[in-house]
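A.B. asks: curious how this folds, go ahead:
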Amino acid sequence: MKIVEVKERNDALIQKLLEVWESSVRATHLFLSEEEIIHIKKYVPQALKAVSYLFIALNEEKSPMAFMGIEGQKLEMLFVSDKERGKGTGKELITYGIRKEQIWEVAVNEQNPLAVGFYEHMGFQVYKRTECDEQGQPYPLLYMRRIRKEEEEL
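C.D. replies: Sure, this is the predicted structure:
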């Protein structure tokens, strides 16, 4: 696996990342209906183009298998293709982000317990909870901050 930072985000790349996003969401966001996934999917390309830092994990064929977006010191998005889940790809990406961009915060859907557990394992702890997501939808968010120094965790 190779991690690359992407500055130029053309339509072909956005389409490949959208496929990774959808694969990940369908495997992990079981609280979303089909209609909600289709609705949210319309806004993902805009988010991918807008995020300040976009890092992609490439497989041996140089195809994206995961990606993360960072704004400031906050992890805005981390999605791993369903077929790559459980293989350490997410851990490698976030470890890279912690070291390179000093990630300290993340917001995660409370209804995605695997993600909550993953971030706890990576040294994050909940400091705030909201009843709705940042778009005002009824999906509780947990706001988490990294509590351990990277040397202790990584």
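A.B. asks: nearest spatial neighbour of the most centrally placed residue in the chain, chain-adjacent residues omitted?
C.D. replies: A centroid search over the chain (Cα atoms, centre = their mean) returns Leu78, at 1.1 Å, as the residue closest to the centre. Excluding the flanking residues, the one nearest Leu78 by Cβ to Cβ, 6 or more residues apart in numbering is Met68, at 4.4 Å. For the C-beta atoms, the positions are set from N, CA and C on the backbone; glycine is no exception.
A.B. asks: am I right that that neighbour sits in a strand?
C.D. replies: Yes - when the secondary structure is assigned by DSSP: H, G, I helix; E, B strand; the rest coil, Met68 falls within a strand.
A.B. asks: so it touches Thr95, yeah?
C.D. replies: No - counting by Cβ atoms under 8 Å, Met68 stays clear of Thr95, with 10.7 Å between them.
A.B. asks: tell me which of those two has more neighbours.
C.D. replies: It is Met68, of Met68 and Thr95, that has more neighbours when counted by other Cβ atoms under 10 Å, with 25 against 17.
A.B. asks: residue contacts, the more buried one?
C.D. replies: For Met68, the contacting residues are 54-55, 75, 77-79, 93-94, 97, taking Cβ atoms under 8 Å, 6 or more residues apart in numbering as the criterion.
A.B. asks: same question, Phe67
C.D. replies: The contact partners of Phe67, taken as Cβ under 8 Å, 6+ apart, are 17, 20-21, 48, 54-57, 77-79, 93.
A.B. asks: related to what we said a few turns ago, confirm that the residue nearest to the centre of the chain sits in a strand.
C.D. replies: Yes - remark: Leu78 belongs to a strand, assigned using three-state DSSP.
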